[in-house]
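# Sequence first, predicted coordinates after that:
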Amino acid sequence: MSSFDSKETTTLWQRWNLNSERIPDKDAIVHWNAGEEPIRWTFKKLTNTAKKYSTFIKSAGIKPGEVCAIIIRHNPFFYPLYLGVSRAAALPAVLAYPNTRLHPDKFRSGIEGMSQRSGLDYILTERELEPIIRPLTEKPGSTIKALLFPLEWDLKKEIDTNINEEIEIAANKVKGSDPVLLQHSSGTTGLQKPVILSHSAVLKHIAGLENALNLSTQDKIASWLPLYHDMGLIAAFHLPLSYGITSIQIDPFQWVVAPIIQLEAISLEKATLCWLPNFAYNIFADKIDEDELNEISLASLRLTINCSEPVRSESHKKFIARFAKYNFNPLAISACYGMAETTFAITQTTPGSTITELKVDRTKLAQGFVEITGEGINARTCVSSGKLINECRIRIVDDNRNDLPGDRVGEIAVKSISMFDGYRNYPEKTAEVVHDGWYFTGDYGFIHNNEYFIIGRKKDLIIVAGKNIYPEDVESAMNLVDGVIPGRVIAFGEEDEQIGTEQIAVVAETKAEDDKERNNIRLAVIKAGMSIDVNIHKVYLVPPRWLIKSSAGKPSRTTNKERIISRQDKLVWSR
Amino acid sequence: MISQELKKVILTQLDLDDFDLQDETMATQVPGWDSLNHVNIILAVEKHFNIKFKSYEVLRLKDVGDLQKLVDTKTGK
């Protein structure tokens, strides 16, 4: 029976407050830092500190409905700050802290593009970024009203009771249909699509997830997922906070260097749930030394949920083979399908059941038909992303958006009670993808026996380790590389089976004819990728006029990718 | 100072002919050395020198100079 009543409170702040009254001393968030004692925020301490932050926010002149971009590294005070922004009825928007390889100009132009599109009003960040961001606030026409450094605010100061009272009154006027947060899709140059979600969308979504995951108040989530990503923000942050369960938050930068940290956290805190992008299963299975696993037990884990990039059967098998002896239950392997536009998940596999895998004829699948076949060279294993979550709907449609029957491949259109209200300040993009209440995802998939299988994308989006990369971003950076013919470059995702994800490949036309020159161009291409914080895994150089154009007159990513992958053209140079 | 031996292991793993690796060079400054590749480089260094790093030792590395020192400690240099 469901215990989470999404209508019990109107807003998220009210929900968090209710949890603070009901379970004041329960851990809300355990802030994990490798090799250190974790910092524990109980529900009461978290909301009390959030109240303080909200008074600072109001004192800084931030008004209800204004967007506060938060750019802060893994820090224990991030959480009450986020809640404080929400209590002040402003909209938190978590943005990624720039990697040191990202060129400051690129970071600045990304923020600028985002601020123009999303209408960022304030940036809450660390002092270190001031020299990079400050010029933006001083630019004529900037939407950014101020740059604030909340980690320097004095929390020891007594709370201003008058301001606190005013905030409480304003917070009680917020309606469920009012926006509560803003999320961005990935991308580096302003292609990000700002998604606004309402209080009621998030609360209804949590009610749906409770059912789909058989959640209980005993559950605990261990996560290293960045909070600027929908899976991290909704599944590993909002869900536990509103549902009243503990989440353990691990630094993503630490996890990728030392993934053992998450296994230690699971083992020590007896975590029951974690969401992981597919590549993480490979990293866990292949990159941790046996000696480090001595004291690890994964017995508490009842679900690891694979989401955010294509689900690969091999990755699951590797993980089970490696961790069965560390008490991992193979039935804990699970998957879901979701996106920011529907708050998060639309489908989920049944907890405690073996995940369905189908072996289908690869050629028929490419033609749009699902034909079950046995093992064989032409068989492709498709892994289920589960069944529909309560009050979510899916249609599989053809290119004209007409419905297709089961076992036919088409674009996935979704509808749910926790849908977004359109892209902020982007009506033309919203109109392109939303029709009659249905969101057309651009993903390809099929339905078989009431289970949904996601097999590809209509869009050319590249997903590297769960991070969405737009090929346009990569190509525009490559067009500036000396030796590359401008406008004659494509970027695409190339399968990396070892890591279980896609990696970025670039094909560029060049007049260079000797190896030395080509090697220099290759290095320059990789460095151009670094400047926008993407790693170019493979560089293919081709002679002028090699790239085939699409009907739109631009080099076709799909056709040229196929030519490259077939590896039959001797004119292609790579190493 | 970075030994030629360590430099060669790193550059081979990154498929680079040459790159000026100094003590203070950070991974993010080296073409191709991203977070996904980091683990592979560490594994290649371990294999080449026949040593084992603990995850927490790797986490503390700030630059290539730190990696060299760790290799030296493990190999008894």
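Yes, it's here. Residues are numbered from 1 along each chain as shown, chains lettered A, B, ... in the order given.

# Report the contact partners of the residue nearest to residue A:97 when sequence neighbours are not counted.
Using C-beta to C-beta, 6 or more residues apart in numbering or on different chains and skipping the chain neighbours, the partner closest in space to residue A:97 is residue A:73 (4.9 Å). The way it works is simple: take the backbone N, C-alpha and C, and place the C-beta from them, glycine included. For residue A:73, the contacting residues are A:97, A:126, A:251, A:253, by C-beta atoms under 8 Å, 6 or more residues apart in numbering or on different chains.

# With adjacent residues omitted, what lies nearest to the residue nearest the centre of chain B?
Of all residues in chain B, the one closest to the mean position by C-alpha atoms, centre = their mean is residue B:67, 5.3 Å from it. The spatially closest residue to residue B:67, leaving aside those adjacent along the chain, is residue B:61, at 5.3 Å (C-beta to C-beta, 6+ apart).

# Determine the three-state secondary structure at the one you found.
Three-state assignment for residue B:61 (DSSP: H, G, I helix; E, B strand; the rest coil): coil.

# just checking, it touches residue B:68?
No. In this structure, residue B:61 is not within contact of residue B:68 by C-beta atoms under 8 Å, at 9.8 Å.

# State the distance from the residue lying farthest from the centre of chain B to residue B:49.
Centroid-distance maximum for chain B: residue B:76 at 16.8 Å, with C-alpha atoms, centre = their mean. For residue B:76, the distance to residue B:49 equals 11 Å [C-beta to C-beta, to the nearest Å].

# So residue A:133 versus chain B, what's the distance?
Separation of residue A:133 from chain B (C-beta to the nearest C-beta, to the nearest Å) stands at 20 Å.

# wait, is that residue part of a strand?
No. Under three-state DSSP, residue A:133 sits outside any strand and is assigned helix.

# Which residue, other than its chain neighbours, is closest to residue A:369?
Excluding the flanking residues, the one nearest residue A:369 by C-beta to C-beta, 6+ apart is residue A:408, at 6.5 Å.

# That neighbour: how many residues sit nearby?
Neighbour count of residue A:408, defined by other C-beta atoms under 10 Å in any protein chain shown: 15.

# Distance of it relative to residue A:454?
Taking C-beta to C-beta, one finds residue A:408 at 14 Å from residue A:454.

# Quick check: phi and psi at residue A:477.
phi -70, psi -40 (degrees, to the nearest 10).

# mind listing what it touches?
A:528-529, A:531-532 are the contacts of residue A:477 under C-beta under 8 Å, 6+ apart.

# Can I get the buried part of those as one ChimeraX selection?
Burial among the contacts of residue A:477 is assessed by 16 or more other C-beta atoms under 10 Å in any protein chain shown; the matching ChimeraX selection reads:
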select /A:528,529,531,532
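
# Get me the contact residues on chain B for chain A.
B:15-17, B:26, B:28-29, B:31-32, B:34-39, B:43, B:52, B:54-56, B:58-59 (C-beta under 8 Å from any C-beta of the partner chain).

# The residues you listed in strands, which ones?
Using DSSP state E, no member of the residues of chain B next to chain A sits in strands.

# Helix or strand: which one has whichever residue of the stretch 1-150 of chain A sits closest to chain B?
Closest residue of the stretch 1-150 of chain A to chain B, C-beta to the nearest C-beta: residue A:101 (3.8 Å). Under the criterion of DSSP states H and E, residue A:101 resides outside all helices and strands.

# hang on, residue A:363 packs against residue A:378?
Yes. With contact defined as C-beta under 8 Å, residue A:363 counts as touching residue A:378 (6.1 Å).

# Secondary structure class of residue A:304, three-state.
What three-state DSSP gives for residue A:304 is strand.

# so it bridges to which residues?
Residue A:304 has the following beta-bridge partners by DSSP bridges: residue A:274, residue A:333.

# how about the strands in the stretch 1-150 of chain A?
A:27-32, A:39-42, A:67-71, A:91-94, A:122-125, A:146-148 (DSSP state E, counting those that start in this stretch).

# about what we covered before: only the buried members of the residues of chain B next to chain A: can you turn that into a ChimeraX selection?
Paste this into ChimeraX to select the buried members of the residues of chain B next to chain A, with burial taken from 16+ other C-beta under 10 Å:
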select /B:16,29,31,32,34,35,36,37,38,39,55,58,59
